[in-house]
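In: predicted coordinates and the sequence they were generated for:
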Amino acid sequence: MTDLSQFDPNTVGNPNNNIFGLPFSEEDARLVILPVPWEVTVSYGAGTARAAEHVLKASIQVDLFDADVPGGWKQGYYMKETNKKILLKSDYLRKEAELYIDYISHGDEVEKNKFMCKSLKEINEGSVMMNQWVYEETKALLDKGKLVGLLGGDHSTPLGFMKALAEKHGDFGILQIDAHCDLRKAYENFVYSHASVMYNALNEIPQITKLVQAGIRDFCEEEWDYICNSNFRVITYFDKNIQERKFEGDTWKHIADEIVNQLPEKVYISFDIDGLDRKYCPNTGTPVQGGFETEEVLYLFKKVKESGRQLIGFDLVEIGVGQTDWDSNVGARLLWRLCNLMIK
């Protein structure tokens, strides 16, 4: 057990300690965070592969008192070290993907270019490797009885984690906060694209009985058709509709309760930070105007817990890396609140 007798939660965070300046080891922590430094298929802005190290640095500034979960941190939070091999693989394949995306953007046929065919094959194989690594890492933690959160990286990163959770928990639902549906099939021919994570999850994990999306404001016809033909397995609360309901007098409490009521007993939170208003995440990879306030999202998560549903895991992804580290500061505080919700 970690000795907290000399630890002062009211003083400046110790950078020699782990996430949030906490002195826990992985063995003693109840909740373990897995950073996944991967952004191979991002289609606009990059940088999120290195978000975890920036969030770790920013987390030292987070005050440890949460009035909703006072003393929750004493159960122990720990973030594993960033896997350098995964990061290097991401960097290498990202360069390949940039060339490939530029090539197809001009309308050129991939089949006529052997180099592009090779690149596409390597990228898809690399994504399979990453998914398997995430599955193995998270499964090992779950088998030890740990609560687990995932810190991206892009939104393709949690698929392996969802598979591990399905094996442990059986049926569950996903609450997705996002500007995008992520329901595209093999976007840009990348089978495990960040824009395809929910399509892949629903197709490969039958234990996912419900996907409830909130904040969506950028989507294609293919995704609209998928939602409409999902037999209510996918329920989407578009940002435009949420705002119109509020304009006409509906309350966020009523809407949040309605969203929660769509979810089954066990819930996984998938939080793409671009679901927020861009003022909170100016350097996220694919920003879209509109979106939630931070406390709106955290209120929704709180209502999930208050409903008696079991929160079985979470991911926080697409945090950008900027000159001021504002994104990392917001990300660190959201990560803190998510950890406290898991412990509560």
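Out: Yes, it's here.
In: which SS state does Asn16 fall under?
Out: At Asn16 the chain is in coil, as set by DSSP: H, G, I helix; E, B strand; the rest coil.
In: my read is that Asn131 contacts Ser196, right?
Out: No. Counting by C-beta atoms under 8 Å, Asn131 stays clear of Ser196, with 11.8 Å between them. No exception for glycine: its C-beta is placed from N, CA and C like everyone else's.
In: in the stretch 1-150 of the chain, which spans are helices?
Out: Assigned by DSSP state H, counting those that start in this stretch, the helices in the stretch 1-150 of the chain fall at 51-59, 84-105, 114-143.
In: number of nearby residues for Gly71?
Out: 11 (other C-beta atoms under 10 Å).
In: now it: how far from Pro158?
Out: In this view, Gly71 and Pro158 are 29 Å apart by C-beta to C-beta, to the nearest Å.
In: follow-up on the earlier one: most packed of the helices of the stretch 1-150 of the chain?
Out: helix 51-59 (a mean of 23; mean count of other C-beta atoms under 10 Å).
In: quick one: list the elements packing against that helix.
Out: Contact here means 3 or more C-beta pairs under 8 Å, 6 or more residues apart in numbering; DSSP states H and E; on that basis helix 51-59 packs against strand 31-36, strand 147-152, helix 326-343.
In: distance from that helix to the middle of the chain?
Out: Centre-to-centre, helix 51-59 and its host chain are 15 Å apart (C-alpha atoms, centre = their mean, to the nearest Å).
In: neighbouring contacts of it?
Out: With C-beta atoms under 8 Å, 6 or more residues apart in numbering as the test, helix 51-59 has contacts from 13, 15, 19-21, 35-37, 79, 82, 151-153, 319-321, 325, 327-329, 331-332, 335-336.
In: hey, C-alpha coordinates of that helix in CSV?
Out: Once non-C-alpha atoms are left out, helix 51-59 reads as follows in CSV (Å, rounded to 0.1, in the frame of the first residue of the first chain):
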residue,chain,number,x,y,z
ALA,A,51,-0.7,14.5,-26.1
ALA,A,52,-0.2,12.2,-23.2
GLU,A,53,3.2,13.6,-22.3
HIS,A,54,1.8,17.1,-22.4
VAL,A,55,-1.2,16.1,-20.3
LEU,A,56,1.1,14.5,-17.8
LYS,A,57,3.0,17.7,-17.4
ALA,A,58,-0.1,19.8,-17.2
SER,A,59,-1.7,17.4,-14.6
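In: quick one: mean pLDDT for it?
Out: Averaging pLDDT along helix 51-59 gives 97.
In: what angle do it and helix 326-343 make?
Out: 80 degrees (axes from the mean of the first three to the mean of the last three C-alpha atoms, to 10 degrees).
In: was I right about Val134 contacting Pro35?
Out: No. Contact criterion C-beta under 8 Å: Val134 and Pro35 do not qualify, at 10.6 Å.
In: can you list residues touching both of the two?
Out: Joint contacts of Val134 and Pro35 (C-beta under 8 Å, 6+ apart) are Leu150.
In: can you give me how far stretch 136-150 is from the chain middle?
Out: 16 Å.
In: ends of it, what's the gap?
Out: 13 Å (C-alpha to C-alpha, to the nearest Å).
In: other residues contacting it?
Out: Against stretch 136-150 from outside (C-beta under 8 Å, 6+ apart): 29-36, 80, 134, 157-158, 160-161, 164-165, 167-168, 313-317, 335, 338-339, 342-343.
In: ok, now stretch 227-242?
Out: 179, 181, 183, 198, 202, 209-217, 226, 255, 259, 262, 290-291.
In: from those residues, which land in strands?
Out: 209-216 (DSSP state E).
In: could you dump the residues you listed to JSON lines with distance to Thr138 and neighbour count?
Out: As requested, the ones in strands among the contacts of stretch 227-242 are exported to JSON lines (distance: C-beta to C-beta, whole Å; neighbours: other C-beta atoms under 10 Å):
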{"residue": "Thr209", "distance to Thr138": "20", "neighbour count": "17"}
{"residue": "Lys210", "distance to Thr138": "21", "neighbour count": "19"}
{"residue": "Leu211", "distance to Thr138": "19", "neighbour count": "25"}
{"residue": "Val212", "distance to Thr138": "22", "neighbour count": "20"}
{"residue": "Gln213", "distance to Thr138": "23", "neighbour count": "26"}
{"residue": "Ala214", "distance to Thr138": "24", "neighbour count": "23"}
{"residue": "Gly215", "distance to Thr138": "25", "neighbour count": "26"}
{"residue": "Ile216", "distance to Thr138": "26", "neighbour count": "27"}
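In: I am finished for the moment; much appreciated.
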